[in-house]
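> no sequence on this one, just coordinates:
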């Protein structure tokens, strides 16, 4: 017996359902071989949106495919747009319903491939193509990846700055799912929502030395929230250099520098004295400034007091936005390696500071241990991202049902000296 489709249309107040035909039963009592040519499953399934006649699908609504009557079940559904983006979905255990779990893009063309089987196991197939409509009024959510394109150290996080706040957890999941970071070689990583407009991405461990990192987005045309749709996002490519990590031990007044796991230098240093202790923890190099004028008034020290200072500082490598540096401190060479006498920075001789300045780049790691100071904040004063353990970091992902726990980041455009 052949499969003869029968056409009917079902219309409800809330959705338009187009039945694309009807299924039929296979001949005989035995099952069909897997190599059997699939029959046209048009009459076996229904869509909850118009998919023909020039009508466009509303991207605000999820895509839903159901079986008609008792004519078998759906076995597989694949939905992609013209750029190759897949639509995530869920298939009911009984095969009676498939629905999308990720939003459709506006103004896009989709191809949906549905596989079915009838009660005798015969395979059915239907391919449907449709266009989605474009809302008349909508706001675009723009995303800017950071930092700028270039070469960085193994500790450099990828950042994503949003043009509008996204507070709703479901909306955050849409954004996060669309923002992708791939590395070669591949490593495990995750986004963390710092605040409503800022995300940071880092791997579980530091980036592999000499790797490549690509941040890109599938957000264009995707609905994020009511009247808020994703815009085109410019991709970002970073290259990662050697694994350079500098460890400063405040108790032994020394800095040990490692390159790809091997010690390459040990430098006598001085760190923050009592009341001005250097922050413990992992910091990421933010930039290098050959000359900085540092004033005690910038951190609240009264001019003319015993702790007041106003000094020209050279070979200054910045590790916090509030002004903590690794820099040349020729005035304290006698204490370097023996005592902590600075106002929070890590000081060393001019020649050692020049060597450090020449060997590090943005994204390299500076770690301080055994200081009596507070631990570096994860966010808001540079990149303290690595001070969160991996389990804690993952709780900041909307896809993992976590909630952000960091304060809003400080204005990173304000670069002022803090301490010497």
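Right, received. Where do you want to start? Just so we're clear, the structure is a prediction, and the values are computed from it rather than from any experiment.
> ok, which stretches of the stretch 301-420 of the chain are helices?
In chain order, the stretch 301-420 of the chain shows helices spanning 350-359, 390-394, with DSSP state H, counting those that start in this stretch as the criterion.
> what pLDDT, on average, does the shortest one get?
Per-residue confidence for helix 390-394 averages out to 96 on the pLDDT scale.
> For it, which helices and strands make contact with it?
Contacts defined by 3 or more CB pairs under 8 Å, 6 or more residues apart in numbering; DSSP states H and E place helix 390-394 against strand 189-195. Bear in mind the C-beta positions are built from the backbone N, C-alpha and C, glycine included.
> returning to that earlier point: just name the most buried of the helices of the stretch 301-420 of the chain.
helix 350-359 (a mean of 18; mean count of other CB atoms under 10 Å).
> can you list the weak-confidence ranges in the stretch 51-200 of the chain?
Within the stretch 51-200 of the chain, the stretches falling below the threshold (pLDDT under 70) are 51-54, 135-138.
> Name the strands paired with the stretch of helix or strand residue 223 belongs to and say parallel or antiparallel.
Per DSSP states H and E: residue 223 is located in strand 223-225. Partner strands for strand 223-225, per DSSP bridges, with pairing direction: strand 228-230 (antiparallel).
> quick one, which of the helices of the stretch 301-420 of the chain is nearest to residue 78?
Distances from residue 78 to each of the helices of the stretch 301-420 of the chain were compared by CB to CB, and the smallest falls on helix 390-394, at 29.4 Å.
> quick one: the closest one to chain centroid distance?
In terms of CA atoms, centre = their mean, to the nearest Å, the centre of helix 390-394 is set 13 Å apart from its chain centre.
> I figured residue 46 was touching residue 68, is that so?
Yes: using CB atoms under 8 Å, residue 46 is in contact with residue 68, at 5.7 Å.
> residue ranges of the strands in the stretch 201-350 of the chain, please?
Across the stretch 201-350 of the chain, reading from the start of the chain, the strands by DSSP state E, counting those that start in this stretch fall at 212-217, 223-225, 228-230, 236-240, 244-249, 254-259, 262-268, 281-284, 287-295, 310-318, 325-328, 346-348.
> Provide the contact partners of the second one at residue level.
When you say that, I think you mean strand 223-225. Contacts to strand 223-225, defined as CB atoms under 8 Å, 6 or more residues apart in numbering, come from residues 59-60, 103-106, 141, 166, 168, 171, 174-175, 229-230.
> try the fifth one
Surrounding strand 244-249, the residues in contact under the criterion CB under 8 Å, 6+ apart are 153-154, 254-259, 269, 271, 278, 326, 346, 356, 359-361, 364-370.
> Neighbouring strands - and their directions - for that strand?
Looking at strand 244-249 with DSSP bridges, its paired strands and their directions are strand 254-259 (antiparallel), strand 365-369 (parallel).
> Pick the most deeply packed of these.
The most buried one of the strands paired with strand 244-249 (mean count of other CB under 10 Å) is strand 365-369, showing a mean of 22.
> Give me the contacts around it.
Identification of contacts with strand 365-369 by CB under 8 Å, 6+ apart yields 153-155, 206, 244-250, 271, 278-285, 317, 319, 326, 346, 360, 376, 386.
> just the buried members of those residues?
Buried positions within these, assessed by neighbour count (16 or more other CB atoms under 10 Å), are 153-155, 206, 244-250, 271, 278-285, 317, 319, 326, 346, 360, 376, 386.
> Could you count how many residues lie near residue 67?
Here the count is done by other CB atoms under 10 Å, and residue 67 has 21 residues near it.
> hang on, it packs against residue 117?
No: in terms of CB under 8 Å, residue 67 does not count as a neighbour of residue 117; the distance is 10.5 Å.
> tell me, what's touching the two both at once?
Listed as contacting both residue 67 and residue 117 by CB under 8 Å, 6+ apart are residue 73.
> and stretch 150-164, how far out from the chain's middle?
How far stretch 150-164 lies from its chain's middle: 9 Å, per CA atoms, centre = their mean.
> which of the residues in that stretch are buried?
Along stretch 150-164, the positions that meet the burial threshold by neighbour count (16+ other CB under 10 Å) are 152, 153, 154, 155, 156, 157, 158, 159, 160, 162.
> Enumerate every residue touching the third one.
Think residue 154. Taking CB under 8 Å, 6+ apart as the contact definition, residue 154 lies against 206-209, 240-245, 363-365.
> Am I right that it is in a helix?
No: per DSSP: H, G, I helix; E, B strand; the rest coil, residue 154 lies outside any helix segment and is coil.
> For the remainder of this discussion, apply numbering that starts at 239.
Understood, numbering begins at 239; the last thing we discussed is residue 392.
> how close does it sit to residue 404?
Distance from residue 392 to residue 404, counting by CB to CB, to the nearest Å: 29 Å.
> And the fourth one, by the same measure?
Applying CB to CB, the value for residue 393 to residue 404 is 27 Å.
> what do you get for the first one?
Distance, residue 390 to residue 404, using CB to CB: 27 Å.
> From the chain's centroid, how far away is stretch 509-518?
In terms of CA atoms, centre = their mean, the centre of stretch 509-518 is set 33 Å apart from its chain centre.
> Ok, stretch 443-458 next?
Going by CA atoms, centre = their mean, the spacing between the C-alpha centre of stretch 443-458 and its chain's C-alpha centre is 9 Å.
> same thing with stretch 352-359?
Taking CA atoms, centre = their mean, one finds stretch 352-359 lying 40 Å from the centre of the chain it belongs to.
> tell me which residues form a beta bridge with the spatially most central residue of the chain?
When the chain is reduced to its mean C-alpha position, the nearest residue by CA atoms, centre = their mean turns out to be residue 429, at 3.7 Å. Legend: beta-bridge partners of residue 429 under DSSP bridges are residue 439.
> wait, it sits on residue 417?
Yes: shown here, residue 429 and residue 417 form a contact pair, counting by CB under 8 Å, at 6.6 Å.
> Perfect, I'm done here.
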